[in-house]
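In: pasting the structure only:
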């Protein structure tokens with residue numbers, strides 16, 4: 001084998017990767033990004049627009065659309081939209097929470113009364129010399 005053939009083997013391209021990538025997705029840009037690019041281009045010197053488009057990987061048709069949206073007022077930064085079911089149950093939850101708090105306070109008062117009564121019963125049993133352990137065994 002001569003030197004030319006050995007070099008030709010080294011130069012042959014490798015076979016393409018057989019792995020298939022996931023389904024391509026269209027790029028989406030946030031409103032803040034669009035406004036930032038338009039602001040940068042508004043202050044750019046003549047001839048710098050192409051450099052910005054190449055740097056960001058954008059097309060001039062995108063700029064035309066974004067400028068139209070900005071002019072019509074469609075391109076404004078808004079509060080993020082919450083996803084999922086609407087939060088209708090908040091009023092119901094607040095009512096339920098208030099009811100549960102009232103019930104909890106009532107039950108705590110009843111528990112305090114029960115502890116007081118049990119304490120009195122224990123003192124009465126001590127005064128009368130009644131062994132409460134024997135009463136539990138007999139029943």
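Out: Great, that's in hand. It should be emphasised that the depicted structure is a prediction, and the values quoted were computed from it without experimental measurement.
In: what about residue 22, which helix or strand?
Out: Using DSSP states H and E, residue 22 sits in no helix or strand.
In: what is the neighbour count of it?
Out: Using other CB atoms under 10 Å, residue 22 is surrounded by 5 other residues. Yep, even glycine has a C-beta here, placed from its N, CA and C like the rest.
In: for this structure, what spans make up the helices?
Out: Ranges of helices within the chain are 3-11, 31-42, 49-56, 60-72, 90-127, 132-138, based on DSSP state H.
In: would you turn these into TSV with mean pLDDT, mean neighbour count and distance to residue 84?
Out: Listed next are these as TSV, based on pLDDT from 0 to 100; neighbours: other CB atoms under 10 Å; distance: least, CB to CB, whole Å:
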stretch	mean pLDDT	mean neighbour count	distance to residue 84
helix 3-11	54	8	57
helix 31-42	92	14	21
helix 49-56	91	12	32
helix 60-72	92	13	27
helix 90-127	92	10	14
helix 132-138	63	8	56
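In: need those in JSON lines with distance to residue 18, can you?
Out: Below are the helices of the chain laid out as JSON lines (distance: least, CB to CB, whole Å):
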{"stretch": "helix 3-11", "distance to residue 18": "22"}
{"stretch": "helix 31-42", "distance to residue 18": "35"}
{"stretch": "helix 49-56", "distance to residue 18": "32"}
{"stretch": "helix 60-72", "distance to residue 18": "34"}
{"stretch": "helix 90-127", "distance to residue 18": "53"}
{"stretch": "helix 132-138", "distance to residue 18": "81"}
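In: right, so of those helices, which gets closest to residue 78?
Out: Set against residue 78 and scored by CB to CB, the helices of the chain come closest in helix 31-42, at 7.3 Å.
In: so the closest one versus helix 49-56, what angle?
Out: Calculated by axes from the mean of the first three to the mean of the last three CA atoms, to 10 degrees, helix 31-42 forms an angle of 150 degrees with helix 49-56.
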